[in-house]
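A.B. asks: what would the 3D arrangement of this be:
(one chain, ligands or ions: 1)
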Amino acid sequence: MHYLDNAATSWPKPDAVYTRMDAAFRQLFSPKRGTARAARLGASQLDDVRALVARILGADDPRRVCFMAGATHALNTAIQAFPLAAGDAVVMSAVEHHAVSRPVRKIARERGIRFHVVPYTDDTPFDLVAFEALLRDDPKIKLVATTHASNVLGSILPVAQIGALCRKFGKTYLLDAAQSAGVLPIDVESMGVDMVALPGHKSLYGPPGVGVLWIRDGVPLATYMEGGTGGDSGKHELAPTTPDGFEVGTIPLPQILALGEGIRWVFDTGLSTIHHHEIRLLSRLLDALATMPEVTIYGHRDVSRKTPVVSFNVAGFAPKPLGEKLFDDFGIALRAGFHCAPMAHESAGSAASGGTVRASLGWSTTDADVDALVAALKSLLASR
Ligand SMILES: Cc1ncc(COP(=O)(O)O)c(C=O)c1O
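C.D. replies: This is a model prediction of the structure:
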């Protein structure tokens, strides 16, 4: 199989991730609960992973790192538990994933919150001029939520400039780092970010079932889900303090410790080494697709402005059946359709064709994988 679906989830994981998950599942009891030595050991190892996550974000206080079930859970918490009243407004980009846009649409529908969408073009994936005008004209904007990079187009948004404008106008900035954590450098201080959501299972090479919400000290987030934390057990109410107020219920310790191994692997390998590998293959793929007149590539072609994601369509083929054929006949695993981000397709012009075929590269991708996709497309076009 040629695995080209790393933007959905990375595969395979480093060996240490599988080993740690298995060992932790067998050996460790519920952390933050219980007096057994294993439970206490689990709690201290949990804090080691918090420190690793803080390091990948450039944050200095690991106690602001809250483990959640995934990026979707983290984004829902940040958006739905943020203090907003009817008439307040949220700003998002025009390439948001459903994990951001659906909670925003839900609070708009149910609580009278308004939202603005900042225009996209291939050249300017987030129009900073239009954004600044919005911030100036609408004082009821309270929260700005954007992805770091589009999961459909790979386009990298100008996060530091968005963060600087949020600081200037006193808005809270929520960053969806699902497509960037482990791919691009993140620094919450220089980028002016107030909350970051990330999944464990993509480019941090952890397992599914764990993600993170990092919350800057002072962000007035309420609790989202109520329940037990293991501490404060005698109290009736849950306080919105990090991390416990956001880690209710029995948290998935094996997944969290395995995520720690994934992050260690990213640090040991080096973000820039991983990035160079992926960008070299991205260039190889884009160059090959550019020689095929039947192929339309969406988004910017400049690899310095993209994550290793390529969305394309092939004349005469609808994306879904093409994606299925690529797997069934050529063993190429990728994704086709709307990729949970219809706004990105509306912005880039691929909505009417039913979305795109998306190839997303990762550390495990080889030249042979890229060449196999190109050869398969040529063969399908030749046999039309
Ligand atoms: C940009 C973006 N945000 C959020 C998510 C949601 O991540 P998860 O499904 O791990 O919760 C994804 C997943 O594909 C994504 O690409």
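A.B. asks: flag every residue of this structure that's near the ligand.
C.D. replies: 8, 70-72, 97, 99, 147, 151, 176, 178-179, 199, 211 (Cβ under 6 Å from any ligand atom). No exception for glycine: its C-beta is placed from N, CA and C like everyone else's.
A.B. asks: Phe82: which of the residues you listed is nearest?
C.D. replies: Asp176 (14.1 Å; Cβ to Cβ).
A.B. asks: mind checking the backbone torsions on the nearest residue to the closest one once chain neighbours are set aside?
C.D. replies: Once flanking residues are discounted, Asp176 sits nearest to Thr147: 4.3 Å by Cβ to Cβ, 6 or more residues apart in numbering. The phi/psi pair for Thr147 (degrees, to the nearest 10) reads phi -80, psi 160.
A.B. asks: same check, this time on Asp187
C.D. replies: Dihedral angles (degrees, to the nearest 10) for Asp187: phi -140, psi 100.
A.B. asks: okay, now Gly316: neighbour count?
C.D. replies: By other Cβ atoms under 10 Å, the residues close to Gly316 number 10.
A.B. asks: got the contact list for Ala376?
C.D. replies: Ala376 makes contact with 326, 329-330, 332 under the criterion Cβ atoms under 8 Å, 6 or more residues apart in numbering.
A.B. asks: now swap in Asn313 and tell me
C.D. replies: 295-296, 298, 319, 350, 353, 356-357.
A.B. asks: would you list every one of the strands in the stretch 151-300 of the chain?
C.D. replies: For the stretch 151-300 of the chain, applying DSSP state E, counting those that start in this stretch gives strands covering 172-176, 195-199, 211-215, 295-298.
A.B. asks: what would these look like in JSON lines with mean pLDDT?
C.D. replies: Below are the strands of the stretch 151-300 of the chain laid out as JSON lines (pLDDT from 0 to 100):
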{"stretch": "strand 172-176", "mean pLDDT": "99"}
{"stretch": "strand 195-199", "mean pLDDT": "98"}
{"stretch": "strand 211-215", "mean pLDDT": "98"}
{"stretch": "strand 295-298", "mean pLDDT": "98"}
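A.B. asks: now those strands as CSV including distance to Ile141?
C.D. replies: Shown next, in CSV, are those (distance: least, Cβ to Cβ, whole Å):
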stretch, distance to Ile141
strand 172-176, 10
strand 195-199, 16
strand 211-215, 20
strand 295-298, 29
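A.B. asks: relative to the ligand, how far out is Gly323?
C.D. replies: Gly323 sits 16 Å away from the ligand, going by Cβ to the nearest ligand atom, to the nearest Å.
A.B. asks: let me see the contact set for the residue nearest the centre of the chain.
C.D. replies: The centroid of the chain falls nearest to Ala178 when counting by Cα atoms, centre = their mean (0.8 Å). By Cβ under 8 Å, 6+ apart, Ala178 lies in contact with 71, 97, 99, 147-148, 151, 197-199, 202.
A.B. asks: closest one of the residues of the chain next to the ligand to Ala375?
C.D. replies: Closest to Ala375, out of all of those and judged by Cβ to Cβ, is Ala8, at 22.7 Å.
A.B. asks: count of residues packed around the closest residue to that closest one other than its chain neighbours?
C.D. replies: Once flanking residues are discounted, Ala8 sits nearest to Arg335: 5.7 Å by Cβ to Cβ, 6+ apart. The tally of other residues near Arg335 (other Cβ under 10 Å) stands at 23.
A.B. asks: and what of the one 3 residues further on?
C.D. replies: By the measure other Cβ under 10 Å, the count of residues near Phe338 is 21.
A.B. asks: that one touches Val357, doesn't it?
C.D. replies: No - with contact defined as Cβ atoms under 8 Å, Phe338 does not reach Val357; the gap is 11.6 Å.
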